[in-house]
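A.B. asks: quick one, structure for this:
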Amino acid sequence: MATAVETLGKLERRLTISFPLTDVRTEVEKRLKQQAKTAKAPGFRPGKVPMKMVAAQYGYQIENDVLNDKVGRAFADAANKAELRVAGYPKIEPKEESPEGVLTFDATFEVYPDVVVGDLSAVDIETVKADVSDAEIEKTIDILRKQRVHYHTKGEAGAHGDGGAAIAAGGDRVTVDFVGVIDGVEFPGGKADDYAFVLGEGRMLPEFEAATIGLKVGESKTFPLAFPEDYHGKDVAGKTAEFTITLKKLEWAHLPEVDAEFAKSLGMEDGDLDKMRADIKVNLEREVAGRVKARNKDAVMDALVAVTDMEVPKSMIAQDSERLAEMTRQDMAQRGMDVKNMPFPQELFATKAERRVRLGLILSQLVADNKLQATAEQVKAQIEDFAQSYEDPKEVLKYYYSDRRRLSEVEALVLEENVVNYVLGKAKVSTKVVAFDELMGSNAQA
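C.D. replies: Below you'll find the model as predicted:
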């Protein structure tokens, strides 16, 4: 049986559940007898162990299992009878005072909030769009050339127009020995032999690169270097070291020409440069469309959060914070980091978790109220769109349709797109043209 539901806060509730102790004892005895049929103990054949020994070995666990089952079932029955939408898991504690022969527990829990989305017609949403011009195509070609760079020794006769001695300049790859000291003492990480880097890529601190520029092979230079206060090496952060570098090797960057061979290296079998540029444009437009969609989705989600005022169940935030912490742990472990003793406090993820839970509740309400569920046709169209960038689209279709979990992920994407389109159809929408570089450099929220 259960008492009337008590309201403890906006979403917090409590009810008391109870059931006869004899019900527990009867079920425990039943399960012990079942356990006795297969129980094993030294000196006894299986199934012939005395009941006292079975009870001693398994009784505690069985009693806990029975109690958990009884309490869980009683709570579920009481919640259903009261037509409660329970959010998260209840906190169940035994009451100190109970009638004789009765087990009584208090269940404290939260319920889902009533989600009432505000007036979308009064919401202003700024969407973005971007175009792919010839300049973006040429810039992408330059990036592809740099990815295929190879180096030649600088200063050799006939190489890069140089003859005789040569000096290090921006864009060159240099190989150096270096050693650093602070107060005359070498420090960990301050020494290396045959260390190679490209001048201008920013791998080294500006003072280090500046000291290297102008050196000839075999030359050395000693210079001061002040480490920033926020430098990742805490032992040297904010300190000034004295470095000595010696240039051992100097190479200039040879970028491939934009010719038929270059086009072939990008998959154009006939080496056609026009086809190569057209292919690059298609890929860029697909990437731009994805970035634009992500930016516009974020704008819609921000608007939904702003227009919907509601309390979010703390239990759901805690659960999602735990999920995000575990996802972060797994991701870092996959990257080769040692996370065994690394703390992942849930409060670090609480803000993100709160937004995710809030949006999940809002989206669920919008979908239910406006029938925005993903259709089979929409899901198939989305997968076919994914497949366009692969050599064998049929294999992509097979990949998704062979796994219900993967298919569910696509359904979730389509559902979100349905919500975005619905909201944009109701709100006051303006469109801003953004530069290609601005769009591609932005990090849209997930």
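A.B. asks: from residue 151, how far out is the nearest residue to residue 223 once chain neighbours are set aside?
C.D. replies: Spatial nearest neighbour of residue 223, excluding adjacent residues (C-beta to C-beta, 6 or more residues apart in numbering): residue 211 at 4.4 Å. Glycine gets a C-beta too; all of them are placed from N, C-alpha and C. If you measure residue 211 against residue 151 using C-beta to C-beta, to the nearest Å, the figure is 21 Å.
A.B. asks: in the stretch 301-446 of the chain, what residue spans correspond to helices?
C.D. replies: 314-334, 350-370, 376-387, 393-401, 404-426, 436-441 (DSSP state H, counting those that start in this stretch).
A.B. asks: now for the shortest one, which elements pack on it?
C.D. replies: Using 3 or more C-beta pairs under 8 Å, 6 or more residues apart in numbering; DSSP states H and E as the contact definition, the elements that helix 436-441 packs against are helix 273-307.
A.B. asks: and the helix it packs on, what does it pack against?
C.D. replies: Going by 3+ C-beta pairs under 8 Å, 6+ apart, helix 273-307 lies up against strand 124-129, helix 134-147, helix 260-265, helix 350-370, helix 404-426, helix 436-441.
A.B. asks: as TSV, those with distance to residue 166 would be great.
C.D. replies: Converted to TSV, these look like this (distance: least, C-beta to C-beta, whole Å):
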stretch	distance to residue 166
strand 124-129	47
helix 134-147	21
helix 260-265	27
helix 350-370	52
helix 404-426	54
helix 436-441	34
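A.B. asks: out of the ones you listed, nearest to residue 42?
C.D. replies: Closest to residue 42 of the helices and strands packed on helix 273-307, according to C-beta to C-beta: helix 404-426, at 46.0 Å.
A.B. asks: dump the residue contacts of residue 191.
C.D. replies: By C-beta atoms under 8 Å, 6 or more residues apart in numbering, residue 191 lies in contact with 178-180.
A.B. asks: hang on, the earlier thing: would TSV of the helices of the stretch 301-446 of the chain with distance to residue 132, mean neighbour count and mean pLDDT be doable?
C.D. replies: TSV is the format used below for the helices of the stretch 301-446 of the chain (distance: least, C-beta to C-beta, whole Å; neighbours: other C-beta atoms under 10 Å; pLDDT from 0 to 100):
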stretch	distance to residue 132	mean neighbour count	mean pLDDT
helix 314-334	32	16	93
helix 350-370	31	17	95
helix 376-387	18	14	92
helix 393-401	23	14	91
helix 404-426	22	16	95
helix 436-441	7	14	88
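A.B. asks: any chance of these in TSV with distance to residue 6 as columns?
C.D. replies: Converted to TSV, these look like this (distance: least, C-beta to C-beta, whole Å):
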stretch	distance to residue 6
helix 314-334	17
helix 350-370	24
helix 376-387	44
helix 393-401	48
helix 404-426	36
helix 436-441	53
